[in-house]
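I would like to see how this sequence folds:
(one chain, ligands or ions: 1)
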Amino acid sequence: MGPSAAAETCIQSDHNNWSVDKAWKEDWFKKEVSNQFLITDPAICQPGLNLERKDWTLLNRFRTGHGLCAATLPDWGIRDDPFCACGSKQTMLHIINECPLTKFPGGLHALHAAEHDSVTWLRKLSIC
Ligand SMILES: [Zn+2]
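Numbers count the residues shown, from 1 in each chain. Presented below is the predicted three-dimensional model:
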């Protein structure tokens, strides 16, 4: 077997053992991602994929912890203070887990399920 045939055998061997799902999962779990605990299998569609775009977008902002909450708006010069109407710093996690004015029963885990009550809650918020 010449060098070319050996290289081809090696490539085919690697190709046969490689899968995009396996590679994606390995890569996903190696990284530090906000609220990574929500995603037990990154290779499947997450709950709520069939929601209207505005609901899906806001749901994913809560999942990632990055959204248009008061804590981030001063960084963009859109707002002067980072505080919620309750007086605490308004992060995405504050809105869903802590705020006496807005918290979602069951918190982020329950919201992630994207059930009917999740969508109802998302639509009542004054953020987008
Ligand atoms: Zn609050």
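
Write out the residues of the chain neighbouring the ion.
Proximity of the chain to the ion (CB under 5 Å from the ion) is limited to residues 84, 86, 99. (C-beta placed from N, C-alpha, C; glycine too.)

for the first one, what are its contacts?
Residue 84 sits next to 70, 90, 94-95, 99, 101 when contact means CB atoms under 8 Å, 6 or more residues apart in numbering.

which of those residues count as buried?
70, 90, 94-95, 99 (16 or more other CB atoms under 10 Å).

Tabulate those residues (TSV), appending secondary structure.
Shown next, in TSV, are the buried ones among the contacts of residue 84 (DSSP: H, G, I helix; E, B strand; the rest coil):
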residue	secondary structure
70	coil
90	coil
94	helix
95	helix
99	coil
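
Let's have those in a markdown table, adding pLDDT and distance to residue 119.
Output for those, formatted as a markdown table (pLDDT from 0 to 100; distance: CB to CB, whole Å):
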| residue | pLDDT | distance to residue 119 |
| --- | --- | --- |
| 70 | 94 | 23 |
| 90 | 96 | 21 |
| 94 | 97 | 21 |
| 95 | 97 | 16 |
| 99 | 97 | 19 |
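
Sounds good, over and out.
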